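1. Just need the structure, nothing else, for what follows:
(one chain, ligands or ions: 1)
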Amino acid sequence: MEVIEAIKKRQSVRSFTDREVSLEDMKKIVEAGVLAPTGRNSQNLLVVGVRDKSLITQIMNYISGGKEYYGATALVFVFEKFSDDLSELNAGAAMENMLLRATDLHIGSCWIHRGRKLFSSDAAKLFLKEVLNLDKPYLLLESIALGYQKDVVPLKEKNPSNGKVI
Ligand SMILES: Cc1cc2nc3c(=O)[nH]c(=O)nc-3n(C[C@H](O)[C@H](O)[C@H](O)COP(=O)(O)O)c2cc1C
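-> The predicted model follows:
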């Protein structure tokens, strides 16, 4: 798929079928996140893809069912490995790369910022460290709900006047 086609087709998907995302495709999506630019090339993010059903259930149970992730069959977590004044922007670049790669692979995705708050406590950071087998507890910046789209919804219109060429 051309990049512009993925940009135009990407939409937030909030309902998913039971079909699982393959390991191969998850690797491609995570790779797209890692390949994103970071300010001063700090590469201060850790991108973790999760497709194991029992792990996802455990994680969702931790946040009281995890309705914020819409029953996604796969998740991506973007952690801050070390603090950097450009972390937010770095995470944004990684996120968009991954959303576009998912679209390219015909996998539905939704950017879930809400996860940051849900996993912000020290206890939640420790929980994610254990369950995801991380070397340290890291701050969760952003996350993605992934899977195959169930309900087709129209693309949201974007305001063309928000762009200008002189
Ligand atoms: C920074 C950011 C945070 C977002 N956080 C959430 C979220 O926590 N939950 C959610 O359902 N959607 C979230 N979204 C998705 C937006 O609601 C969505 O992109 C917007 O409504 C436009 O729709 P579209 O993605 O279909 O174009 C987020 C998007 C961005 C860019």
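2. which other helices and strands contact the lengthiest strand in the chain?
-> The longest strand of the chain (DSSP state E) is strand 139-147. If you count contacts as 3 or more Cβ pairs under 8 Å, 6 or more residues apart in numbering; DSSP states H and E, strand 139-147 packs onto strand 74-80, helix 87-104, strand 108-112, helix 114-118, helix 122-131. Any C-beta I mention is one placed from the backbone N, CA and C, and that applies to glycine too.
3. same for the fourth one, what does it pack against?
-> Packed against helix 114-118, as judged by 3+ Cβ pairs under 8 Å, 6+ apart, are the following elements: strand 139-147.
4. The strand it packs on pairs with which strands?
-> Next to strand 139-147 in the sheet, as set by DSSP bridges, lie strand 74-80 (antiparallel), strand 108-112 (antiparallel).
5. on that earlier part again, ranking the helices and strands packed on strand 139-147 by burial, who's on top?
-> Mean neighbour count (mean count of other Cβ atoms under 10 Å) peaks for strand 74-80 among those, with a mean of 25.
6. Using CSV, list the CA coordinates for stretch 104-122.
-> The C-alpha trace of stretch 104-122 is given here as CSV (Å, rounded to 0.1, in the frame of the first residue of the first chain):
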residue,chain,number,x,y,z
ASP,A,104,-1.1,-1.2,5.6
LEU,A,105,-1.5,-4.7,6.9
HIS,A,106,-5.3,-4.3,7.0
ILE,A,107,-5.3,-4.4,10.8
GLY,A,108,-7.5,-2.0,12.7
SER,A,109,-6.0,0.2,15.4
CYS,A,110,-6.9,2.9,17.9
TRP,A,111,-4.5,5.2,19.7
ILE,A,112,-5.2,4.8,23.4
HIS,A,113,-3.8,7.7,25.4
ARG,A,114,-6.1,6.8,28.3
GLY,A,115,-3.7,3.9,29.1
ARG,A,116,-1.1,6.3,30.5
LYS,A,117,-3.4,7.3,33.3
LEU,A,118,-4.6,3.8,34.0
PHE,A,119,-1.1,2.5,34.4
SER,A,120,0.5,5.6,36.0
SER,A,121,0.8,4.4,39.6
ASP,A,122,4.0,2.7,40.9
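7. just the angle between the longest strand of the chain and helix 87-104, please?
-> Orientation note: strand 139-147 sits at an angle of 10 degrees relative to helix 87-104 (axes from the mean of the first three to the mean of the last three Cα atoms, to 10 degrees).
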